[in-house]
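# predicted model, plus sequence, below.
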Amino acid sequence: MAQVYQSPSVEEIKAALTSEFPQVEIISTAERRVKAKCPREISHDVCQFIHDNLTFEHCSVVTAVDYIDHLMVVYLLSNYYNGVMIDLDVDVPDDDLHIQAVTDIWEGANWHERETWELFGIVFDGHPRLERLLTPQNYEFFPFRKSYKLRSQE
Amino acid sequence: MADSLVPVLEAQEKMDTDKMWVIWGPQHPFSHGLWTLKLQIDGEFCTDADPIVGYLHRGWEKETENRDYARIIPMTDRLCYCASMTYSHLYCMTVEKALGIDIPEKAKYIRIVADEVCRIQSHLMWLAAVGTDMGNLTVFLWAMREREYFLDLNVKLCGQRMTTNYPRIGGVRNDTTPLFDRDIIRAVDRFEKAMWDIIYLIDDSSVFVSRMRKISYLTREQCANMGLTGPAMRGCGVDFDIRRDDPYDNYDKIDFEVPVLNKDTKVGDTYDRYMIRIEEMFQSCDIIRQAVKKIEALGKNAPYRIKTPTKVPAGTTFGRLEDPRGESIMYLASDGTDHPYRLKVRSPIFTNVSCSKVMCQGVRIADVPAVLAQIDMCLGETDR
C-alpha cells in the first residue's frame, strides 16, 4: 500500500502520481492545480489512487470534449483539505467509446456520467444506471457531438 | 437516517405492507419549478427517491458554441435568476483565465460586492421558499420584503433587478454609481437588524423547528462522496469554502470566517442545513463592508475594465466559484477562434438534487418538503 497523503501539495501529487503510474503524464501545474493525462486502460485505477491515497474526496465534474477524431473525458477532482484540484484527461478513440465508470469511487459522479453518456455517447462501463437524464428517453442521437449540427451551424 | 427510525422501519419491514411509488411533480407546489420526485413510500415513511429532471433542458452548452465570447454573458444570466451575478462572474473569470490576463483591482472588489449581494438575495429567496414549504406565509412575505432592498441595490449598480448582465471579460461594465457605497451600507445595516425578526419568527415556532430537527442526517463523508456542496455541506461539518480555500479574484485579501456547523460531530440534520444559510447571510454583510471600504480606498478614477482580445488561445481551462448554492465550475475548451469549442457548466444543484435519494430515506412524507427545501432548487441551471 502506497503512502496516504492527508493534504498533499502540488509537488507531492505530481511525484506520487508519476511514481505510482509511469504512464500518467503531468501536462502542467499551477498554484493549487494539476493537469494530468492518462491512458484509458488505467483511468479507474488512477482515480482510485487519487481518492484513496491523495484524499480527493469530491468529484466535481465528469464531462467530455469532442475533438472529432477522438473524444476526451475530463475529470475535475477536488481536495477538501487544501483546495487543490486535479484535471485528469483521458482520451477515448472515436470507434470504441468505452471507459470505466467512477461512480463506485465517487457517488457524486453518477449523474455527471449519465449526462456525458446521453450527450456524447460515451459508455461508462460498470455504471449502475446509464439512462437518459436530461433529454427524452426516445432520443437516438447524441446532441453534443460535433457531428450534430444546429440549424444555424449548417 | 435517524437512529430512532430504524426500529420503526424494521418493524414495518416484517409487516406485509406493499411499498408504492408516489409521483410528485412536475407541477407540484413543493417543487419550485418543473421537476419530478418519485418517492417510494412504505406506510408513512419514504424508503427510496428518484428525482427526474430535464424538463427545461435547452442545450445551453451547445448553444454557446455558436456565439462569440462576449455574447455569451447575457446567456449566463439566464442560467439562474437568483445567481445571475455569480454565473456571469464565473464565466468572465474563466475566459480571463484562458486569456491569461489580470483585471484591475477595483473590478475585483466590485465583483465581490456584487457576488455577496447576489448571495444574500438568493438566500432570501430560499428563505421565502422555505416559508411557503412549511406553511408559514409570514416568513415568505418578510423575506421577500428584505430581498427587495438588495434587488434595488442591483438596480443602482447595473440597472437590472435580476438578469444583471454586469460583469465583462476584463472587468465590469460600469463603475459604481454615485452614493452606491452609502446605499449599500445602509441596506446592510438595516438588513442585519431586520433579519432577527425572521430568525425569531422561525426559531420560536415549535412547528417549524420540529419539522427540521433530527431528520435526514448526513455525515461529512457522505456529503463529500455524493458531491453535495455549498451551505448544505458546511452544515454537515465539511470545512470547505472555495472563497477561503481556493480564493479567486480578491477574496484572499478579505478577512472573513466561514461559518461551519458540526465541525466536531461531522454529522448534520436538516435544521443545520437551514441554519448555516442564515449565518452565511451575516457573513456576506461583513464581506460587503470590507470590500466597499477597499473600493473607496482605490479612489474614484481607478480603472474598472481593461480591453481584451476577442480570440482566446487554444487550450482547456476551468474556473471555480462559490455560488450561493454550492460549487460552480465552468470548463472551457477553446480552439483559438472567437467562440468556445466547448463550454461545460457544473451546476451545484444538478449534483445536490441527485443526493435527494439519500436525503429522503427514512423521512416522513410530510417532512419531505422541509428536507428538499434545503437544496434550494433552481431548474434553469440544473437542466441547462
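Nice, thanks for sending it over. Numbers count the residues shown, from 1 in each chain, chains lettered A, B, ... in the order given.
# and the residue of chain A closest to chain B?
Closest to chain B within chain A is A:G108: 2.3 Å, counting by Cβ to the nearest Cβ. Placement of C-beta: from N, CA and C, glycine included.
# contacting residues around that residue?
A:58-59, B:225-228, B:351, B:354-355 (Cβ atoms under 8 Å, 6 or more residues apart in numbering or on different chains).
# which residues touch residue 79?
Unless you meant another one, I'm taking chain A. Contact analysis of A:N79 by Cβ under 8 Å, 6+ apart lists A:7-8, A:54-58, A:85.
# the chain in question should be chain B.
Listed by Cβ under 8 Å, 6+ apart, the contact set of B:L79 reads B:60, B:87, B:345, B:347, B:380-381, B:384.
# spatially central residue in chain B, please.
Centroid check for chain B by Cα atoms, centre = their mean gives B:R325 as the closest residue, at 2.0 Å.
# I'd guessed that residue sits against B:M233; true?
No: judged on Cβ atoms under 8 Å, B:R325 makes no contact with B:M233 at a distance of 10.6 Å.
# need the overlap of contacts for those two.
By Cβ under 8 Å, 6+ apart, no residue touches both B:R325 and B:M233.
# give me the pLDDT for residue 96.
No chain was given, so I picked chain A. Note for A:D96: predicted pLDDT of 87.
# switch to chain B, please.
Looking at B:E96, its pLDDT reads 92.
# near chain B, which residues of chain A?
Applying Cβ under 8 Å from any Cβ of the partner chain, we find that chain A lies next to chain B at A:32, A:57-61, A:63, A:65-66, A:74, A:76, A:78, A:80, A:82-83, A:85, A:87, A:89, A:106-112, A:115, A:132-135, A:143-144, A:150, A:152-153.
# in PyMOL, how would I select the buried members of those?
The buried residues among the residues of chain A next to chain B can be selected in PyMOL (16 or more other Cβ atoms under 10 Å in any protein chain shown) with this line:
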select buried, chain A and resi 32+57+58+59+60+61+63+65+66+74+76+78+80+82+83+85+87+89+106+107+108+109+110+111+112+115+133+134+135+143+144
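# okay, now the closest residue to chain A within the stretch 201-350 of chain B: neighbour count?
Proximity of the stretch 201-350 of chain B to chain A (Cβ to the nearest Cβ) peaks at B:G227, 2.3 Å away. Using other Cβ atoms under 10 Å in any protein chain shown, B:G227 has 29 neighbouring residues.
# quick one, phi psi at it?
phi 90, psi 20 (degrees, to the nearest 10).
# doesn't A:S60 make contact with it?
Yes: using Cβ under 8 Å, B:G227 is in contact with A:S60, at 7.5 Å.
# would you map the helices across chain A?
Taking DSSP state H, the helices of chain A run over residues A:10-20, A:43-52, A:109-120.
# which intervals of chain A have sub-threshold pLDDT?
Chain A contains residues with pLDDT under 70 at A:1, A:152-154.
# nope, chain B is what I was after
Low-confidence segments of chain B (pLDDT under 70): B:1-5, B:12, B:15-17.
# just want the most central residue of chain A.
For chain A, the residue nearest the mean C-alpha position is A:Y75 (2.8 Å; Cα atoms, centre = their mean).
# how about it, what does it touch?
A:Y75 neighbours (Cβ under 8 Å, 6+ apart): A:47, A:59, A:61-62, A:86-90, A:102.
# wait, which of these is closest to A:S19?
Checking those against A:S19 with Cβ to Cβ, the nearest one is A:I86 at 15.7 Å.
# what residues are up against the residue of the stretch 201-350 of chain B closest to chain A?
B:G227 sits next to A:58-60, A:106-109, B:351-352, B:354-355 when contact means Cβ under 8 Å, 6+ apart.
# from A:R40, how far out is it?
Remark: distance between B:G227 and A:R40 (Cβ to Cβ, to the nearest Å) = 23 Å.
# which of the contacts of A:Y75 lies closest to B:E105?
Nearest to B:E105 out of the contacts of A:Y75 is A:D87 (Cβ to Cβ; 28.1 Å).
# list the contacts of the closest one.
By Cβ under 8 Å, 6+ apart, the neighbours of A:D87 are A:33-36, A:74-76, B:316, B:318.
# swap in 6 Å and give it another go.
When contacts are counted by Cβ atoms under 6 Å, 6 or more residues apart in numbering or on different chains, A:D87 touches A:35, A:76.
# check the one 10 residues further on too.
Contacts for A:L97 (Cβ under 6 Å, 6+ apart) come out as A:121-123.
# what's it sitting at in phi/psi?
phi -90, psi 70.
# from the chain's centre, how far out does the helix or strand harbouring B:I295 sit?
Applying DSSP states H and E as the criterion places B:I295 in helix B:270-298. Helix B:270-298 sits 14 Å away from the centroid of its parent chain (Cα atoms, centre = their mean, to the nearest Å).
# what packs against it?
Applying 3 or more Cβ pairs under 6 Å, 6 or more residues apart in numbering or on different chains; DSSP states H and E, one finds that helix B:270-298 contacts helix B:105-133, helix B:180-203, helix B:206-212, helix B:231-235.
# if you count neighbours, what's buried in it?
Buried, per 16+ other Cβ under 10 Å, within helix B:270-298: B:270-281, B:283-292, B:294-295, B:298.
# grab the nearest non-local neighbour of B:I112.
Spatial nearest neighbour of B:I112, excluding adjacent residues (Cβ to Cβ, 6 or more residues apart in numbering or on different chains): B:A291 at 4.5 Å.
# pretty sure that neighbour is touching B:A107, no?
No: contact criterion Cβ atoms under 6 Å: B:A291 and B:A107 do not qualify, at 11.8 Å.
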